[in-house]
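S.K.: Would you be able to build a 3D model of this:
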Amino acid sequence: MALSVVILAAGQGTRMKSDTPKVLHEISGKPMLFHAIDAALQLSDDITIVLYHKADMIQKKISNAYQNIKFHIQDVENFPGTGGAMKGIKTLHERTLILNGDMPLVSKGSLELLSKGNDDINMSIIELYDPSGYGRVLIDNDKIQKIVEQKDCTQKQLEVNSVNAGVYCVSKRVLDEYIPRLNNHNTQKEYYLTDIVEMAVADNRVVSPIVVKEEEFKGVNSKLDLAEAEIIMQNRIKKELMMSGISMRFPSTIYIDSRATFEGECMLENGVTVIGACKIIKSHIKSHSVIEESHIENSSAGPFARIRPRTKLINTHIGNFVELKNSTLYGAKAGHLSYIGDSDIAQGSNIGAGVITCNYDGKAKYQTKIGKNVFVGSDSQLIAPVTIEDDVIIAAGSTVTKDISKGSLAISRAPMKSVSGFFYKFFGKGK
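M.R.: Below is the predicted model:
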């Protein structure tokens, strides 16, 4: 069945206490609004996002990441509230799913359940053990009769544990008839979307309760909510990966971006952080390593390695306290304590401890190219731009400022000087 989706994202989110719009706060690498968009895209080809606060910023972010998303700017001055957000929206299909942009945990399955059937309104319901503070949804014979705010509940109604989760699937005829009739005759002087439920019940239309999981329909309104949603999202990501064959040591200590992908049998040790759209294939990431926007295949990295963006490792070993950036290593080794930036390193080459590619002169970045079977001795500096051809040995402690031809030994050291008896002279101690 064809379905339209409207995502409400106009609010300022003052409880976040941030200059960043609430819906752009990130969860597992993506703005929370994007998670809701991703779920909607699995069901619909007609998605409208309602904006107001910092609308230009949010619209630009969305347009950079998605195509064919429609936008509606809410007239908050004249029509505030969730009902006001729907005024003037034109949807394509016979049923419309109305989501909230601050619900990043909703899944395709729950939204499909909510949008099934042909009832006038399907309304999401959460069954809470302790519903204190929430309005109660009164249900009779599997049909919603009324929504009652807690302060207006009778003692018997207070015992009801069904509350409104705030997501609806509504027929086009209901939207067309009731949205224009909404008014703001209430204390807050706002137009409430929930009023269409009351109108539909009064007109004997079918309003069906759809019980959903509290976890999925959790709204994110504060930094505490954000942290709690992050934990839930991370647990989902890691559970799915482990079920697909990825090994994790102490998974609660691991962070994995929602954009990262894994193939084959991989191992992530404790404390690993994977950021951005990384691709990791048949590799071992050792404890406390950070991988950012990189491709790692048939390789190992760490412990305490830092693989920065645009790095590609294939059949390569990276050891502890090695940092790489924008580099490609194929069949190479960098065992420990090195910085490799803007470099290409070919098969069989070994980078010794303390080696630095000096790729930045304060104005521009330059590239280092290292051929096959090159041995770079410890504590060497490679001053880019520089090309080191195949089968080269660079002696420990050398500073390389020129290209090195195939088969050569490169050595650059100041002569060693030894002054006899200087220790005793300096400290004034006898022999």
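
S.K.: Could the C-alpha coordinates of the lengthiest strand in the chain be exported in PDB?
M.R.: For the chain, the strand that runs over the most residues, judged by DSSP state E, is strand 162-171. Output in PDB follows, covering the C-alpha atoms of strand 162-171 (Å, rounded to 0.1, in the frame of the first residue of the first chain):
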ATOM      1  CA  SER A 162      -1.800   3.100  28.100                       C
ATOM      2  CA  VAL A 163      -0.300   6.300  26.900                       C
ATOM      3  CA  ASN A 164       0.100   8.100  23.600                       C
ATOM      4  CA  ALA A 165       3.500   7.400  21.800                       C
ATOM      5  CA  GLY A 166       2.900  10.400  19.500                       C
ATOM      6  CA  VAL A 167       3.100   8.700  16.100                       C
ATOM      7  CA  TYR A 168       0.000   8.300  13.900                       C
ATOM      8  CA  CYS A 169      -1.100   6.800  10.600                       C
ATOM      9  CA  VAL A 170      -4.000   8.800   9.200                       C
ATOM     10  CA  SER A 171      -6.200   8.500   6.200                       C
END
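
S.K.: next SSE after it?
M.R.: helix 172-178 (DSSP states H and E).

S.K.: which strands and helices sit next to that next one?
M.R.: strand 95-100, helix 195-202 (3 or more C-beta pairs under 8 Å, 6 or more residues apart in numbering; DSSP states H and E). The C-beta positions use only the backbone N, C-alpha and C, and glycine is treated the same way.

S.K.: The shortest one - contacts with which helices or strands?
M.R.: Read that as strand 95-100. Packed next to strand 95-100, using 3+ C-beta pairs under 8 Å, 6+ apart, are strand 4-8, helix 32-41, helix 108-115, strand 162-171, helix 172-178.

S.K.: The first one: partners in the sheet, and parallel or antiparallel?
M.R.: I take that to be strand 4-8. strand 46-51 (parallel), strand 95-100 (parallel) (DSSP bridges).

S.K.: count of neighbours near the closest residue to residue 311 other than its chain neighbours?
M.R.: Sequence neighbours aside, residue 294 is the residue nearest to residue 311 in space, at 4.2 Å (criterion: C-beta to C-beta, 6 or more residues apart in numbering). The burial count assigned to residue 294 is 25, neighbours taken as other C-beta atoms under 10 Å.

S.K.: Pick the most deeply packed of the helices and strands packed on helix 172-178.
M.R.: strand 95-100 (a mean of 25; mean count of other C-beta atoms under 10 Å).

S.K.: Residues contacting the longest strand of the chain, please?
M.R.: Strand 162-171 has contacts (C-beta atoms under 8 Å, 6 or more residues apart in numbering) with 3, 94-100, 103, 106, 114-115, 118-128, 131, 134-139, 147, 193-194, 196, 209, 212, 214, 217, 219.

S.K.: 7 Å instead, please
M.R.: Contacts with strand 162-171, where a contact means C-beta atoms under 7 Å, 6 or more residues apart in numbering, come from 94-100, 114-115, 120-128, 131, 134-137, 139, 147, 194, 209, 212, 217.

S.K.: any idea how far residue 304 is from residue 197?
M.R.: 56 Å (C-beta to C-beta, to the nearest Å).

S.K.: Kindly apply the preceding question to residue 350 instead.
M.R.: 70 Å.

S.K.: what do you get for residue 157?
M.R.: Counting by C-beta to C-beta - residue 157 and residue 197 are separated by 16 Å.

S.K.: now do residue 215
M.R.: As for residue 215, its distance to residue 197 is 24 Å (criterion: C-beta to C-beta).

S.K.: Test my guess that the residue nearest to residue 311 contacts residue 278.
M.R.: Yes - using C-beta atoms under 7 Å, residue 294 makes contact with residue 278 at a distance of 5.5 Å.

S.K.: top helix in the chain by residue count?
M.R.: helix 223-243 (DSSP state H).

S.K.: quick check: angle from that helix to helix 32-41?
M.R.: 50 degrees (axes from the mean of the first three to the mean of the last three C-alpha atoms, to 10 degrees).

S.K.: following helix 223-243, which helix or strand comes up?
M.R.: Following helix 223-243 in sequence, per DSSP H and E, is strand 247-248.

S.K.: for the helix or strand just after that following strand, packing partners?
M.R.: Per DSSP H and E, the first helix or strand lying C-terminal to strand 247-248 is strand 255-256. Using 3 or more C-beta pairs under 7 Å, 6 or more residues apart in numbering; DSSP states H and E, the elements in contact with strand 255-256 are helix 223-243, strand 273-275.

S.K.: Contacts made by the following helix or strand past strand 255-256 with the rest, please.
M.R.: Moving toward the C-terminus from strand 255-256, the next helix or strand (DSSP H and E) is strand 261-263. With C-beta under 7 Å, 6+ apart as the test, strand 261-263 has contacts from 241, 246, 279-282.

S.K.: For this protein, name the helix or strand with the lowest mean pLDDT.
M.R.: When the helices and strands of the chain are scored by mean pLDDT, DSSP states H and E, strand 143-148 comes last with a mean of 87.

S.K.: what residues does that strand touch?
M.R.: 123, 135-139, 157, 164, 194, 197, 201, 206-209.

S.K.: hmm, which two among those residues are most spread apart?
M.R.: 157 and 206 (22.2 Å; C-beta to C-beta).

S.K.: for the protein, what are the low-confidence residue spans?
M.R.: Within the chain, the stretches with pLDDT under 70 are 1, 430-431.

S.K.: how does it divide up, domain by domain?
M.R.: Domain assignment for the chain, taken from automatic domain parsing, gives 4-211, 223-410.

S.K.: Would you enumerate the residues in contact with residue 357?
M.R.: Going by C-beta under 7 Å, 6+ apart, residue 357 touches 339-343, 368, 382, 384.

S.K.: Take those and lay them out in CSV including secondary structure.
M.R.: Output for the contacts of residue 357, formatted as CSV (DSSP: H, G, I helix; E, B strand; the rest coil):
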residue, secondary structure
339, strand
340, strand
341, strand
342, coil
343, strand
368, strand
382, strand
384, coil
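
S.K.: By neighbours, which of those residues wins?
M.R.: Among those, residue 340 has the most neighbours (other C-beta under 10 Å), with 27 neighbours.

S.K.: returning to what we had before: of all the domains of the chain, which one comes closest to residue 422?
M.R.: Once these are compared by C-beta to C-beta, domain 223-410 is nearest, at 22.0 Å.

S.K.: and the closest one, how far from the chain's centre?
M.R.: Centroid displacement of domain 223-410 relative to its chain, using C-alpha atoms, centre = their mean, to the nearest Å, is 21 Å.

S.K.: Contacts for stretch 366-373, please.
M.R.: Looking at what lies outside stretch 366-373 - C-beta under 7 Å, 6+ apart - the contacts are 342-349, 357, 359, 382, 384-391.

S.K.: buried ones in that stretch?
M.R.: 367-373 (16 or more other C-beta atoms under 10 Å).
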